[in-house]
Every structure is written in C-alpha cells, then in structure tokens.
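just the structure for this:
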Amino acid sequence: MPIKQNVFSSVAAWRRRAVSRAVHRGARWVRRAGAVTSERPGPYRFRRIGSGARLAFPQGTVFGDPWIEIGEYCIIAQDVTLTAGMMPDLDLGPDPILTLGNGVVLGRGSHVIADVRLTIGDDCFFGPGVYLTTTNHSYDDPDVPIGKQWPRSAPVSIGSGSWIGTGAVILPGARLGRNVVVAAGAVVRGEVPDHAVVAGAPAKVVRRWDPQEGWQPPLRTPTPRPIPDGVTSEQLVAVAEWQAEAGGTDETDALPQAGETAEPSSPRTPVGEADQVRSSADVP
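Below is the predicted model of the structure:
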C-alpha cells in the first residue's frame, strides 16, 4: 500500500508541475500577443505610435486614442491608464490632447488623464502608480455634492528628462521644467523650474542646480560614473571583490581601461590571513 501511495503522489506532483509550466507558458504567450506596438496596434487607433514603442498587456483603461500620440521607444507597463477626453466617443477636435515624447517610461499602474492638453517630453521616467491629470473636482457650491459639480481643467506639461517618483500626483496646471525630480508621494501643482528637486504635499523645491555652485544643498553621495567601454564582466567581478576588501572604495576609481587587466595596484590580503589577524587582535 505505501508503494502505491508513493506512485500516486509522484504522478500527482508531476501533473501539478506540468500544469504549472503550461499555465506560465500560456501566460507568457498571452502577454506577448496582447502587447500593443506600432506593428500590432490591437483595438486602438492612436494618432501616432512610434517605432519601438510598446504597451504591455494587460493595458489599463484606454480611450480617446485618436487624440493620443506615443513617441518612439516608449515603454508603457501593465495596467497603465491613458485617456483623452472626459469620456469615450467624444469629438475632441483636430489637435492632439495627450502627447508622450520619445523614450518615455510609464510605471505599472500609472494614470495619465488628459481632458485638455497634456504633454510629456522626451526621456521622462515615471515610477509605478503615478497619477497625472488635467482635471480636478471643484467645490464652489457648498450645497451641491462635489462629484456633481463641473470640474476645473488646466493644461499640464512635463519637461524632457524628468524623473517622477512612485505614487506622485501631478495636478492640473502643473508645468515642470527639464530634468526635474519629483520625490515619491509628492503632490505637484504650479510651476517647477529646470533642474530642481521637489518633495512633499504640496510639493516644494528642496534642491536646485546652480551653474556656479552646482547642486544646492550639495548632494550627499558622489556622482555615479559610467563603466568604461571594453570592460569585461570578469574585470567587474574582480574590482567588486577588491572593493569589498578595501572597505568600500568607489568601484569606478579602480576600473581598468579597455585592454588592461583588473589587477589592483596594491596587494590584497588573503581572506585566511585577514581572519587570523582579526582573531589574534581579539586575544587579550
């Protein structure tokens, strides 16, 4: 009897694994097939969708697509809402309402709601759950439920190269300059100058770039430096090991140029010796 139970258990486990693999393969196929690109626009009629742009499946709510422009190489994650107009099937005139520049990245679950003109410049990156809207509720009449009062609308623009953190809210009338950083959870309205960092609710400028003095207040961490061309993965591993033993030296200081080896200039203490030194130091 135990032998039969083992056989049945093995068969059941094999079936569960087979079903799980089949489900995951099917889900991957559905995500690939359901993605929207310029070659496969699906049910949408975007005013423009650039080459290399991709809307991941499943998409969020999308309507007013004839008035939506999507630039080249945009990455729009799952469950992102893109709408033009207050509701579907409206005639919004001859001009675009919502424009995404080239290289825009919208994080999962973000909402971009454009009842009037909303523009996002090139190379803007948005974290998950960001909310941009050109329309907000009004509460002028204290006797009428707020949801039944006519909303207020104002155009929104996001300058090229900006980074909008997770959960940020961009309200109607916001005008962000170039290379603006919006902290996670910030609520932004009004005008933000170029090269500024804003945080809080309501958002305030907490850091700005000065051409003479640099970032004010100064950055707390050193500027990251790109890896030089020609550096191999083996060299990166060697440098990382050396950095760990050297006590956190900046990796890029020790990176070799193309064609050089990744041997550090100072000798490394073998791990065994280091352990012995620490052990002897602990002995009274």
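
how far away is residue 191 from residue 238?
For residue 191, the distance to residue 238 equals 49 Å [C-beta to C-beta, to the nearest Å]. (C-beta placed from N, C-alpha, C; glycine too.)

what about the two, which has more around it?
Using other C-beta atoms under 10 Å, the more surrounded residue of residue 191 and residue 238 is residue 238, with 17 against 11.

name the element the more buried one belongs to?
helix 233-246 (DSSP states H and E).

and that helix, which residues are buried?
For helix 233-246, a neighbour-count test (16 or more other C-beta atoms under 10 Å) marks 235, 238-239, 242-243 as buried.

alpha carbons of that helix, as PDB, please.
C-alpha atoms of helix 233-246 as PDB (Å, rounded to 0.1, in the frame of the first residue of the first chain):
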ATOM      1  CA  SER A 233      32.300  41.100 -16.700                       C
ATOM      2  CA  GLU A 234      35.300  39.200 -15.200                       C
ATOM      3  CA  GLN A 235      37.000  42.500 -14.600                       C
ATOM      4  CA  LEU A 236      33.900  43.900 -12.900                       C
ATOM      5  CA  VAL A 237      33.800  40.900 -10.600                       C
ATOM      6  CA  ALA A 238      37.500  41.300  -9.700                       C
ATOM      7  CA  VAL A 239      37.000  45.000  -9.000                       C
ATOM      8  CA  ALA A 240      34.000  44.300  -6.800                       C
ATOM      9  CA  GLU A 241      35.900  41.800  -4.800                       C
ATOM     10  CA  TRP A 242      38.800  44.200  -4.400                       C
ATOM     11  CA  GLN A 243      36.400  47.000  -3.400                       C
ATOM     12  CA  ALA A 244      34.800  44.800  -0.700                       C
ATOM     13  CA  GLU A 245      38.200  44.000   0.800                       C
ATOM     14  CA  ALA A 246      39.400  47.600   0.500                       C
END
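
tell me what it is packed against?
For helix 233-246, the packing partners by 3 or more C-beta pairs under 8 Å, 6 or more residues apart in numbering; DSSP states H and E come out as helix 251-254.

report the rounded mean pLDDT for the helix it packs on.
Helix 251-254 carries an average pLDDT of 52.

cool, and stretch 209-217?
92.

need the contact partners of it.
Stretch 209-217 is contacted by residues 194-196, 207-208 when judged by C-beta atoms under 8 Å, 6 or more residues apart in numbering.

again, but for stretch 21-34
For stretch 21-34, the surrounding residues in contact (C-beta under 8 Å, 6+ apart) are 42, 56-59.

and residue 30, how many residues sit next to it?
A count of neighbours around residue 30, defined by other C-beta under 10 Å, yields 12.

do you know how far the residue nearest the centre of the chain is from residue 29?
Nearest to the geometric centre of the chain sits residue 127, at 3.8 Å (C-alpha atoms, centre = their mean). Distance of residue 127 to residue 29, computed by C-beta to C-beta: 28 Å.

pLDDT of the longest helix anywhere in the chain, averaged?
The longest helix of the chain (DSSP state H) is helix 2-34. Average pLDDT, helix 2-34: 82.

what are the buried residues along it?
Buried residues in helix 2-34, counted by 16+ other C-beta under 10 Å: none are found.

now do that helix: distance to the chain's middle.
Here helix 2-34 shows a centroid-to-chain-centroid distance of 34 Å under the convention C-alpha atoms, centre = their mean, to the nearest Å.

could you point out which element follows that helix?
strand 48-49.

quick one: contacts of the very next helix or strand once past that next one?
Next helix or strand after strand 48-49 toward the C-terminus (DSSP H and E): strand 54-55. If you take C-beta under 8 Å, 6+ apart as the criterion, strand 54-55 is touched by 35-37, 70, 74-76, 80.
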